[in-house]
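Colleague: generate a structure from the sequence data that follows.
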Amino acid sequence: MNPFRHLMLAFEGATVPGWLADLLAASPPAGVTLFRELNMSDPDQVSGLVAELQTANSSDQPLLVAVDQEGGQLQGLVGSTPFAGNMALGAADDPELTRRVARAMGTELRAVGINLNYAPVADVVSRPHNPSLGVRGFGGDAELVARHVAAAVSGYRDAGVLCTLKHFPGKGEARVDPHYELPRMDLDRERLDAVELPPFMAGFDAKADLLMTGHYSVPEITGDDTLPVSMSRRAIDGFVRGTLGFSGLVITDALDMGALDQGAGQVVDIIASLAGGTDLLLCTPDEALRERARMAVTRGVSRGLLDPAILDRSAARVASARDRESSDGVDPSLVGSHGGLAAELAARSVTLVRNDAGLIPLALDSDTRLLVLEPVPTNVTPADTTASYPPALAEEVRRRHPTTTGLVIPHDPVGDEIAALVGKAARHDVVIVGTVNATDGQTDLVRALARTSKTLLTIAMREPQDLARYPEVATHVASYSSHQPSLGAVVAAILGETAFQGKLPVSLPGLYPTGHGLR
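Modeller: Here you go, the predicted structure:
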């Protein structure tokens, strides 16, 4: 038995390393996951790398080649069209637009030979400032999320890309990030049926190919306070396959997360996951992790802890998915070719949240002294590629008002830095501040500016809930993304060149409900 047939492997480098070439020849894995920061330089190189992988593969089936291409803050394919992401789609709330965007993203993946996407996110954004979710979700209403998940699945299927619902059973209520520790969510069945499960069920009905289980403790499903859903037979074989009826592939979230034991004990967890009905194990480039996964399969079988019949049924499901894959449609020139659609999404999603002072549309004279402050692009979570893109807010303002002063500020400024920025702002007539998940430093800066600036406007460049951190600000808009199309659209709307069209897909507790948006 090939112990790697249940593994999605990963590696560092722009070409296939020797150890992986040897493995592909002798014991091919189910597939590989490519990472922007580890494996990619440009679309032509990615296409060549995928072709190299498939050529080295001795199996009679194509490898699964996967990537995290969610859009928005997580753009796993280098050079791809910078779509604003799921929460922007929720703000536009047009499932047909969501289907078109997913199809476009899938087309760009197929253009370099990638055949599996770890998307769409089916989590409901039920808790503001969730450390690992935020704008990765479509919104805070289960019905809204469900209709957009179904539309996204349809779009990926249209493009011929396998897609993955994640992160089951939904991490909207997680108080900690599973990249660092195990979240526990005490959700009863009534709550799960009302909030967490409807988007996944909609994805099942739309024929999603894979389901990614999260590393969360949900005792209602597992019957255990500390057992992650991803390692639970009761959760996977019993609940996912038995109760909910999902017949596709089940894959774990990445096995290197801090929510899981990263020592020798992880072998036991991996055995439990496979015995419980998991088909694919998501590995990172960590050699020790890869060896633990291999050992779990081989020792699990040899010690009678893993039933070979269960593994064979799992392997058959994987083989069925791989049989549907082909290399048709490879054309790297298609990557990044959907700028018009990205602009449409941006224009239809930007949201005017508050205009209490009547500042918008913003009137600027040629001599208006305008200051734009935006945080340095930063990867806020491990599931983030924001740092790969240059700051764009000041440039978009400067295109319309050439004398604009733009400053890129620290992501979390401190006392002296804040004081200096407030001093600069005092010499300007209008101040525009972009915030990204409003850190304490960003919040302190905005509140200081609210006390001193003549005219202040804030833009939530990611989570619209930033306004709750500085509620005294009278003018607030949401772009849901720091990518250029969204910032261009929000600046155009601020200046009255276009109309704000989006509505909040989440509530701002104590301020505004879901569906709020001024026109």
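Colleague: do you know how far A315 is from T351?
Modeller: Counting by Cβ to Cβ, to the nearest Å, the gap between A315 and T351 amounts to 47 Å. All C-beta spots, glycine's among them, are computed from the backbone N, C-alpha and C.
Colleague: cool, S154 as well?
Modeller: Distance from S154 to T351, by Cβ to Cβ: 25 Å.
Colleague: and the two? Which one has more around it.
Modeller: Neighbour totals were compared for S154 and T351, and T351 leads with 26 against 20 (other Cβ atoms under 10 Å).
Colleague: give me the pLDDT value at the more buried one.
Modeller: With respect to pLDDT, T351 scores 98.
Colleague: that one reaches L508, doesn't it?
Modeller: No. The pair T351 / L508 is not scored as a contact, 10.9 Å apart, by Cβ atoms under 8 Å.
Colleague: between these two, what contacts are shared?
Modeller: Residues touching both T351 and L508 (Cβ atoms under 8 Å, 6 or more residues apart in numbering) are P464.
Colleague: so where is the protein shaky, pLDDT-wise?
Modeller: Flagging of the chain using pLDDT under 70 yields the residue ranges 326-327.
Colleague: just give the closest residue to L364, not the sequence neighbours.
Modeller: Excluding the flanking residues, the one nearest L364 by Cβ to Cβ, 6 or more residues apart in numbering is H401, at 5.3 Å.
Colleague: and the one you found, how far is that from F138?
Modeller: Distance from H401 to F138, by Cβ to Cβ: 34 Å.
Colleague: do the same with I236
Modeller: Following Cβ to Cβ, the distance that separates I236 from F138 is 25 Å.
Colleague: what about Y156, which helix or strand?
Modeller: Take DSSP states H and E as the rule and Y156 turns out to sit in helix 142-159.
Colleague: ditto for R294
Modeller: Using DSSP H and E, the element containing R294 is helix 287-302.
Colleague: pretty sure G277 sits against S232.
Modeller: No. Counting by Cβ under 8 Å, G277 does not reach S232; the two are 9.3 Å apart.
Colleague: which residues of the stretch 51-200 of the chain fall in helices?
Modeller: 86-92, 95-110, 142-159, 189-191, 197-205 (DSSP state H, counting those that start in this stretch).
Colleague: make TSV out of those and add distance to L34.
Modeller: What follows is the helices of the stretch 51-200 of the chain, written out as TSV (distance: least, Cβ to Cβ, whole Å):
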stretch	distance to L34
helix 86-92	21
helix 95-110	10
helix 142-159	17
helix 189-191	37
helix 197-205	23
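Colleague: count the residues that sit near the residue nearest to G113 when sequence neighbours are not counted.
Modeller: Distances taken as Cβ to Cβ, 6+ apart place V50 nearest to G113, at 3.5 Å, with adjacent residues excluded. By other Cβ under 10 Å, 22 other residues sit near V50.
Colleague: and V50, helix, strand or coil?
Modeller: Counting by DSSP: H, G, I helix; E, B strand; the rest coil, the backbone at V50 sits in helix.
Colleague: show the contacting residues for it.
Modeller: So V50 contacts 34, 65, 112-114 (Cβ under 8 Å, 6+ apart).
Colleague: most neighbours of all the residues you listed, which one?
Modeller: V112 (30 neighbours).
Colleague: so it sits right up against M40, yeah?
Modeller: No. With contacts counted by Cβ under 8 Å, V112 stays clear of M40, the gap being 9.2 Å.
Colleague: quick check: neighbours shared by those two?
Modeller: With Cβ under 8 Å, 6+ apart as the test, V112 and M40 both reach 46, 77.
Colleague: before we move on, the earlier item: could you dump the contacts of V50 to a markdown table with distance to V149?
Modeller: Formatted as a markdown table, the contacts of V50 follow (distance: Cβ to Cβ, whole Å):
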| residue | distance to V149 |
| --- | --- |
| L34 | 24 |
| V65 | 23 |
| V112 | 25 |
| G113 | 26 |
| I114 | 21 |
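Colleague: just give me the closest of the residues you listed to G242.
Modeller: V65 (31.0 Å; Cβ to Cβ).
Colleague: relative to A152, how far out is that closest one?
Modeller: From V65 to A152 the distance is 20 Å (Cβ to Cβ).
Colleague: just the buried residues of stretch 37-53, please?
Modeller: Using 16 or more other Cβ atoms under 10 Å as the test for burial, stretch 37-53 gives 39-40, 43, 45-50, 52-53.
Colleague: tabulate these (TSV), appending distance to G502.
Modeller: Output for the buried residues of stretch 37-53, formatted as TSV (distance: Cβ to Cβ, whole Å):
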residue	distance to G502
N39	35
M40	31
P43	30
Q45	36
V46	32
S47	35
G48	39
L49	37
V50	36
E52	42
L53	40
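Colleague: can you give me the neighbour number for K166?
Modeller: Neighbours around K166, by other Cβ under 10 Å: 26.
Colleague: quick one: H483 and S80 touch, right?
Modeller: No. With contacts counted by Cβ under 8 Å, H483 stays clear of S80, the gap being 10.8 Å.
Colleague: next, the contact list for the closest residue to T385 other than its chain neighbours, please.
Modeller: Distance criterion Cβ to Cβ, 6+ apart; nearest residue to T385, sequence neighbours excluded, is Q75 at 4.9 Å. By Cβ under 8 Å, 6+ apart, the contact list for Q75 reads 36, 69, 82, 385, 388.
Colleague: distance of Q75 relative to R157?
Modeller: 21 Å.
Colleague: just to revisit the earlier point, and which of the contacts of V50 is nearest to S132?
Modeller: Checking the contacts of V50 against S132 by Cβ to Cβ gives L34 as the nearest, at 21.3 Å.
Colleague: my read: that closest one touches S41, true?
Modeller: No. The criterion here is Cβ under 8 Å, and L34 misses it with S41 at 11.8 Å.
Colleague: coming back round to it: helices and strands around the helix holding R294, which ones?
Modeller: strand 7-9, helix 266-275, helix 308-323 (3 or more Cβ pairs under 8 Å, 6 or more residues apart in numbering; DSSP states H and E).
Colleague: what comes up buried for the last one?
Modeller: Neighbour-count burial for helix 308-323, with 16+ other Cβ under 10 Å as criterion, is recorded at 310-311, 314-315, 317-318, 321-322.
Colleague: by how many degrees do that helix and helix 266-275 diverge?
Modeller: 70 degrees (axes from the mean of the first three to the mean of the last three Cα atoms, to 10 degrees).
Colleague: wait, a strand at V422?
Modeller: No. Read with three-state DSSP, V422 is helix and lies in no strand.
Colleague: check which helix or strand the residue nearest to it when sequence neighbours are not counted maps to.
Modeller: Spatially, and ignoring its direct neighbours in sequence, V422 is nearest to A448 (5.0 Å; Cβ to Cβ, 6+ apart). A448 belongs to helix 440-452 when assigned by DSSP H and E.
Colleague: how far does that helix sit from the chain's center?
Modeller: 29 Å (Cα atoms, centre = their mean, to the nearest Å).
Colleague: for the next helix or strand after that helix, list the C-alpha coordinates in CSV.
Modeller: Later in the chain than helix 440-452, the nearest helix or strand by DSSP H and E is strand 456-460. Provided in CSV are the C-alpha atoms of strand 456-460 (Å, rounded to 0.1, in the frame of the first residue of the first chain):
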residue,chain,number,x,y,z
LEU,A,456,-12.0,63.6,8.9
LEU,A,457,-13.1,60.6,6.8
THR,A,458,-12.3,57.0,7.6
ILE,A,459,-12.2,54.0,5.3
ALA,A,460,-12.4,50.4,6.6
